[in-house]
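Q: Attaching a predicted model along with its sequence, questions to come.
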Amino acid sequence: MTLPVAIVGAGPVGLTTALGLAHYRVPFVLFEDEDRLSTETKAGTTLSRSLEIWRRFGVVSSVLRRSMRVDEIGDIDRQTNQPRQTVQLSVLARDTRFPFVINLPQQDMEPVLAEPVRGQLHLAHRLVRFEQNAGRVVLHFKTPHGEKTTEAAYLLGCDGGRSTVREQLGIAVAGVSLPVKYSLVDLEVDLDIANPRDYPYLAYFSDAQEWMILVRHPHCWRFLFPLPPEKEEPSAEELRDKVLSFIGEATNVRVIGKVIYQVHHRVATQWRRERVFLMGDAAHLITPMWALGINTGLLDCSNLCWRLAWYLRGWADERVLDAYEREQKPVALLGAGEMAESARRYVGKESDSVSKIAADDWGNACTRAMLGVRLDVDGRGDWSMVKYEREPVLRPGDRIPDWLLQSPAGGEVRLHDFTTDGFAALYFTDARRRPQIPENTSSALEHYLVSRWDAPLDSGLRERTLFDPGSAFERRVGCPAGTLLLVRPDEHIAAIEPISPDAAERLYADIVGKRPARQ
C-alpha cells in the first residue's frame, strides 16, 4: 500500500504544495482546520518567480484570468508626489514569460489554487496530534463528525505562523516580533475615471513620518500603513481619511475591509524532523514588504515537491531530502527577512541601503521579481537574493533564464518547458561536429544540445538540438563553448563544468544519490 503525503494547512503554500505533488504524480491528502478557505484580507502581490512556479504546476492561466498584471512598481516621494526610482519589470522580457507581477488578494487566489485539488481537500479537519512510526506518520484530527486518524508517508506543515505541527515537534523559533504593526484597508473607489490618478498599480509612497503602499486589486484598491506601537487601532473611517491624505480628495469612497497585523522576522531553527517538514509561515514569518512573505513560502514549494517525488519514486536517496532545509533556510533567515526589513527602512526614509540594487534597472527588476535567487546547491554557502549588475554570468544555484529558443521541430520554445518534469543537461557546443550527446532514455534526466549551428538532418542530433540564433543564450549564460549545464526540475542550475563523457549522469548521481532510472 502506497501511503499519501499529508499536507496540513490549505493556504497558498499548502495549496501550491498540493499542486506540485499532483504535477509530479505523488499521492497526497490536504487538510484545513477551518470549514472554508480564507476570507481574510491579506496577501496581495505575487511575484514573477511565483508565477513561474504556478506555470510549472499547471495553474497560472487560471490565476492570471482573475488578476491585475503590473509591469511597473512605483516609488513615490510623498512630500513632492514625484517618482523616486520605479521598477520597470518589462526589462525582464527575455528572461521570463512573466515580465510583470500580479495583484490578487488571498481570498480570491485560494479558490483558484484549490479547484484542481478539491478531491483531496478536507476542510474542518483540525490536527490534534501526530506521531512518527517506522515508515509513516499517524495523524489525529478533530472533525465535525468526531476524531479521525490518517496515515501518511510524510507530513508537510503548511499551517501558518502558529503552526501546530511545529509546536508538537518542539521546534523553537528564532528572531523578533517588531514593535510596529501594519494597518491595511480595502477601499471601493474609482481612481480611473471619477477621480483619475496615474499611480502605478503597485506603488510605495515614501515618507519619513508615515509611508504607504498602494495596491490595485481587481475589485478594490488596497492601502497599507505602519501603525506605531503606542497608537490605538484606527477605525475604518480614520484609515479612509489617511488614504485621502496621501492621494487627495475623492468622491464615493467606501471601506470594504480592514485588518491590523503584527510584523515579524522569525525563522524556525529546524525545518525537518524525520518524516515531517515545515514550509511557509510555519518555517518563517517575514515582514510582508516587497511581497516577500507569501512569495518566499512558494519557493519552499518549488524546492521540496520535486525532492519528495524523486525519493518516493525510488529515484533518489535520503540526501535529496536533506538539502531542502540547507537551501531554503538561508533565503528566509538572511535573505527575504533582511531584505524586507531594508525595504521597510527605505520606504520610511530611515536608510538608503537598497539604493545599490536600484542603481541598475535590470538588477533591480530581477531582484524585486524574485528571479535573482541563487540557492546553495553544493553546500558551499554561495547563495544570494540580489542581482546588482545587468545579466551577470550564471553560477551554480542561479535560476536559469526562461530563454526563447528554437525547437527541434521548428517554432519558438521557452527553456523552462524542458525542465518542467525532470532534470535537463544542456550541452553548449557546435552541432556541426556531431558531438556525443547521450540519448534520452530516462524521464528523470534528458539531454539537449544548444548550438547556433542547426543540427544536420543526418546527424542523429536533430531531435535533441535547441537552436540558439547568434549564440544569444550562450552569451546570456556566460559559459564558453564546450560547457555542460545541469538544470534541476525547479529551474535552478545544479552544476556547470566542461563537457566530458558521462558527466551529466555523474553530476546527477552526486545530487540525488542514484543514476537516472531508465524508461
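A: It's in. Numbers count the residues shown, from 1 in each chain.
Q: Tell me the secondary structure of the closest residue to Cys220 other than its chain neighbours, please.
A: Spatial nearest neighbour of Cys220, chain neighbours left out: Asp186 (4.6 Å); criterion: C-beta to C-beta, 6 or more residues apart in numbering. In short, each C-beta sits where N, CA and C put it, glycine included. Under the three-state scheme (DSSP: H, G, I helix; E, B strand; the rest coil), Asp186 adopts strand.
Q: who's in contact with Asp186?
A: Going by C-beta atoms under 8 Å, 6 or more residues apart in numbering, Asp186 touches 41, 105, 217, 220-222, 255-258.
Q: Ok, Arg56 next?
A: Neighbours of Arg56 in contact, by C-beta under 8 Å, 6+ apart: 20, 23, 302, 416, 420, 491.
Q: Pull the number of nearby residues for the third one.
A: For Ser302, the number of neighbouring residues by other C-beta atoms under 10 Å comes to 26.
Q: Can you name the next helix or strand after the helix or strand encompassing Gln262?
A: Gln262 belongs to strand 254-268 when elements are defined using DSSP states H and E. Per DSSP H and E, the first helix or strand lying C-terminal to strand 254-268 is strand 272-273.
Q: Report all helices and strands that that next one contacts.
A: helix 319-330 (3 or more C-beta pairs under 8 Å, 6 or more residues apart in numbering; DSSP states H and E).
Q: Keeping just the C-alphas, turn the helix it packs on into PDB.
A: Extracted as PDB, the C-alpha positions of helix 319-330 are listed here (Å, rounded to 0.1, in the frame of the first residue of the first chain):
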ATOM      1  CA  ARG A 319      20.400  13.200   0.600                       C
ATOM      2  CA  VAL A 320      17.900  14.700  -1.800                       C
ATOM      3  CA  LEU A 321      15.500  15.400   1.200                       C
ATOM      4  CA  ASP A 322      18.300  16.700   3.400                       C
ATOM      5  CA  ALA A 323      19.100  19.500   1.000                       C
ATOM      6  CA  TYR A 324      15.700  21.300   1.300                       C
ATOM      7  CA  GLU A 325      16.500  23.000   4.600                       C
ATOM      8  CA  ARG A 326      20.100  23.800   3.700                       C
ATOM      9  CA  GLU A 327      19.000  25.600   0.600                       C
ATOM     10  CA  GLN A 328      15.800  27.300   1.700                       C
ATOM     11  CA  LYS A 329      16.600  28.300   5.300                       C
ATOM     12  CA  PRO A 330      19.200  31.000   4.500                       C
END
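Q: Contacts for it next, please.
A: With C-beta under 8 Å, 6+ apart, helix 319-330 has contacts from 267, 270-272, 277, 283, 299-300, 303-304, 307-308, 310-311, 375-377, 379, 383, 511-513.
Q: Go again with 6 Å.
A: 271-272, 300, 303-304, 307, 310-311, 375-376, 383, 512-513 (C-beta atoms under 6 Å, 6 or more residues apart in numbering).
Q: from the residues you listed, which ones fall inside helices?
A: 300, 303-304, 307, 310-311, 512 (DSSP state H).
Q: thought Ala517 was touching Ala444?
A: Yes - at 5.5 Å, Ala517 counts as touching Ala444 under the criterion of C-beta atoms under 6 Å.
Q: what about the two, which has more around it?
A: Per other C-beta under 10 Å, whichever of Ala517 and Ala444 has more neighbours is Ala444, with 22 against 15.
Q: Just give the nearest non-adjacent residue to the more buried one, would you?
A: Per C-beta to C-beta, 6+ apart, closest to Ala444 is Pro516, 4.2 Å.
Q: Could you do Val253 as well?
A: Using C-beta to C-beta, 6+ apart, the closest residue to Val253 is Val189 (4.6 Å).
Q: Next, count neighbours for that neighbour.
A: Neighbours around Val189, by other C-beta under 10 Å: 22.
Q: right, and it touches Val255 too?
A: No - counting by C-beta under 6 Å, Val189 stays clear of Val255, with 9.7 Å between them.
Q: Give me the mean pLDDT for stretch 401-412.
A: Averaged across stretch 401-412, pLDDT comes to 93.
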